[in-house]
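In: Structure for this input, please:
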Amino acid sequence: MTERVDTTLVKGLALLEELAGSPRALGVTELGARLEMNKSSVHRLMQTLCRTGFAVQDAERGGYRAGLKLWRLGCQVMDQNGLRHLAEGAMDRLVRLSGESVHLSMREGLRTLYVDKRESDQPVRAYSERGGTAPLHCVATGKVLLAHDYSALRDGILAAGLERFSDRTITDAAALDREMAAIRAQGYAINRGEYRADVAGIAAPILASNATMIAAIGISGPLSRLTEERMRALVPVVIEAARSISHILG
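Out: Numbering: from 1, shown residues only. As a prediction, this is how the structure comes out:
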């Protein structure tokens, strides 16, 4: 006997997936066109998702975004599925080998989300916190996450504006295009004081077996300590940490 599928639930989940994957707010008309749903159904379902906290309405643009409740559930699922657990060994090794703080990051819209962290034991170190976020275009893990999905994210990140945080922040579209191409070609990203002027970082991608981007792992520390020579020496160490997690993920 074939079980009946709750089509309303299926449509609601499809809307959530669309919102979660979008770097910008989406309106009822666009959502309906993408999912081949009529506007009245989309509007009704979006109102339900907003009331339950799974979506929020953008006050300025009138569209919808995925809500923080979805993020919290995602974090719980991530814990249960063991990404942070599977990355623990590599993160511990990386902090020992580099002497710098280590981040495990995932993309949340146009932001880097720090899902886990290991603190350096150095008296002077880069500050961030688990659950915190940073812009994609100017931190090492964010640049890796952006580069591997750049064709889909480019228009959104340029429309949002490349905010300047230091004299080294990339704020030009052509320069960002070149940086993203270089990151994809070399397999890692470097931040040389582009977000905080005195903080540098290196990051590499964590990939699934089908080469889909899962997350990024990176190190960060004072620019005075992460000299060009030291960063060159640490690049293969960071890449190996990312590869070891990718291997565990299969």
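In: so what's the residue nearest to the spatial centre of the chain bridging to?
Out: What sits nearest the mean C-alpha location of the chain, by C-alpha atoms, centre = their mean, is Arg107, with 1.5 Å. Arg107 has these beta-bridge partners by DSSP bridges: Thr112.
In: That one touches Tyr150, doesn't it?
Out: No: taking C-beta atoms under 8 Å as the definition, Arg107 is not a contact partner of Tyr150, at 11.6 Å. Bear in mind the C-beta positions are built from the backbone N, C-alpha and C, glycine included.
In: Overlap in contacts, these two.
Out: Taking C-beta atoms under 8 Å, 6 or more residues apart in numbering as the criterion, Arg107 and Tyr150 do not both touch any residue.
In: where along this structure do the strands fall?
Out: Along the chain, the stretches classed as strands by DSSP state E are 55-57, 64-66, 101-108, 111-118, 133-135, 189-192, 199-207, 213-222.
In: Give the rounded mean pLDDT of the first one.
Out: Summarised as a single mean, pLDDT over strand 55-57 is 89.
In: who's in contact with it?
Out: By C-beta under 8 Å, 6+ apart, strand 55-57 touches 15-16, 19, 46, 49-50, 63-68, 70.
In: can you rerun that using 7 Å?
Out: Here strand 55-57 makes contact (C-beta atoms under 7 Å, 6 or more residues apart in numbering) with 19, 46, 49-50, 64-67.
In: Could you do the longest one as well?
Out: Identification of contacts with strand 213-222 by C-beta under 7 Å, 6+ apart yields 83, 87, 90, 94, 98, 100-106, 120, 124-126, 140-141, 144-145, 148-149, 198-208, 234, 238, 241-242, 245, 249.
In: Mind checking which of the residues you listed are buried?
Out: Among the contacts of strand 213-222, the ones that count as buried by 16 or more other C-beta atoms under 10 Å are 83, 87, 90, 94, 98, 100-106, 120, 125-126, 140-141, 144-145, 148-149, 199-207, 234, 238, 241-242, 245, 249.
In: Out of the strands of the chain, flag the one nearest Leu35.
Out: strand 64-66 (12.8 Å; C-beta to C-beta).
In: Can you give the distance from the closest one to the centre of its chain?
Out: 17 Å (C-alpha atoms, centre = their mean, to the nearest Å).
In: likewise stretch 147-157?
Out: Its chain's C-alpha centre and that of stretch 147-157 lie 12 Å apart, by C-alpha atoms, centre = their mean.
In: Now do the buried residues in it.
Out: Quick answer for stretch 147-157 (16+ other C-beta under 10 Å): 147-150, 153-154, 157.
In: Widest-spaced pair of those?
Out: Longest span within these, C-beta to C-beta: His148 and Ile157, 13.5 Å.
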